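Asker: this one's sequence-less:
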């Protein structure tokens with residue numbers, strides 16, 4: 001088993017292990033849970049940012065909620081989880097701030113991640129993620145919510 005080098009360990013939360021070709025389910029929230037992505041255009045900025053990270057991560061699904069995102073993806077070989085998240089957050093923050101003139105941080109520090117195990121059902125996890133707007137009472141059907149996508153459209 002290859003362990004991360006010491007220089008990369010300082011970027012990882014205690015117990016976090018970044019591994020290329022591994023799938024992760026990540027959640028990150030806006031600063032003070034501000035509903036920035038209730039603005040559709042700001043939500044689309046996040047969608048575009050996730051799509052542009054394709055050299056480092058293959059997206060299985062995502063949902064952009066008003067004050068947080070859920071993202072299920074697989075790191076490409078050699079990519080590091082913390083770097084992918086840092087890039088996603090910094091690029092999207094810059095773009096959102098240009099659109100909104102938001103002062104201060106867009107994102108809370110850190111993120112929550114769960115490593116997807118071999119026995120996990122990716123489609124089931126994706127269904128759970130994209131159903132978040134329904135569970136939150138924002139819409140009655142996921143079809144009514146515009147800020148989600150999944151590679152499996154059934």
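Answerer: Sure thing, it's come through. All values reported here derive from a predicted model rather than from experimental measurement. Numbers count the residues shown, from 1 in each chain.

Asker: thought residue 80 was touching residue 22?
Answerer: No. Using C-beta atoms under 8 Å as the test, residue 80 is too far from residue 22 to be in contact (10.7 Å). C-beta: built from backbone N, CA, C; applies to glycine.

Asker: Tell me how far residue 53 lies from residue 143.
Answerer: 26 Å (C-beta to C-beta, to the nearest Å).

Asker: out of these two, which sits in the more crowded spot?
Answerer: residue 53 (19 against 9; other C-beta atoms under 10 Å).

Asker: Tell me who's in contact with that one.
Answerer: 59, 84, 87, 88 (C-beta atoms under 8 Å, 6 or more residues apart in numbering).

Asker: give me phi/psi at it?
Answerer: phi -90, psi 10 (degrees, to the nearest 10).

Asker: Same check on residue 103?
Answerer: According to degrees, to the nearest 10, residue 103 has phi -100, psi 140.

Asker: Could you name the helices and strands sitting against the longest helix anywhere in the chain?
Answerer: What stands out as the longest helix in the chain, according to DSSP state H, is helix 81-100. On a contact count with 3 or more C-beta pairs under 8 Å, 6 or more residues apart in numbering; DSSP states H and E, helix 81-100 meets strand 23-29, helix 40-52.

Asker: quick one: low-confidence ranges for this structure?
Answerer: 1-17, 153-154 (pLDDT under 70).
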